[in-house]
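Student: Could you look at this predicted model? Sequence included:
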Amino acid sequence: MRRILKLHRSLAEPVTPVTHNFHIITFDTQLHPKLWLELNNEIFSTHPDQGNWAMADLENRMHEPWFDPHGFLLCVSEERIVGFCWTKIHQDLVNKEPIGELYVIGVDPAHSGKGIGKALCTQGLIYLKNKGITQGMLYVDEDNEAGKGLYKTLGFN
């Protein structure tokens, strides 16, 4: 049975930037959809929720009121997307402050282990913090040990 964990961290304290040499840009709704979709489907080929997306799945999310391409961060190398961190701000919570989510995080398997995920997630947290968000969260499969390890280093629990 699949178990999903919901992890949190405060954004009230500083988010320390990660020193890196990666080229991180924001998602361009005209240029990046097809390239992102191909990488997403490769990374999540066996994932029940995130895998096997069609362009309509991405377009539907891009039309949601929470979508902000400035919070959709891409790591590019030689004109290819090699990683991404897509953030989401939940504004619709009743009697609660908005909360920022690291919505989808992925790194091309050919580029894993280089720190791309940590650099992207850190930039995502900084983006959320700069938007005035004081609480961050994410969902992760309980058996995703690599993901849980990364998120722990970022202050999630």
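Tutor: Looks like it arrived, so ask away.

Student: what sits against the closest residue to Asp108 other than its chain neighbours?
Tutor: Leaving aside its chain neighbours, Asp108 sits nearest to Val82 (4.5 Å; criterion: CB to CB, 6 or more residues apart in numbering). For every residue, glycine as well, the C-beta is placed using N, CA and C. Shown in contact with Val82 (CB atoms under 8 Å, 6 or more residues apart in numbering): 39, 75-76, 107-108, 110-111, 116.

Student: Which single one of the residues you listed is nearest to Pro33?
Tutor: Closest approach to Pro33 among the contacts of Val82 (CB to CB): Leu39, at 11.1 Å.

Student: quick one: pLDDT of that closest one?
Tutor: pLDDT, Leu39: 98.

Student: Where does the residue lying farthest from the centre of the chain fall, secondary structure wise?
Tutor: Farthest-out residue of the chain from its mean C-alpha position, per CA atoms, centre = their mean: Asn95, at 25.7 Å. Taking DSSP states H and E as the definition, Asn95 sits outside all helices and strands.

Student: What separation is there between it and Phe84?
Tutor: Relative to Phe84, Asn95 is positioned 32 Å away (CB to CB, to the nearest Å).

Student: swap in His90?
Tutor: Between His90 and Phe84 the distance is 20 Å, computed by CB to CB.

Student: between those two, who's got more neighbours?
Tutor: Phe84 (26 against 16; other CB atoms under 10 Å).
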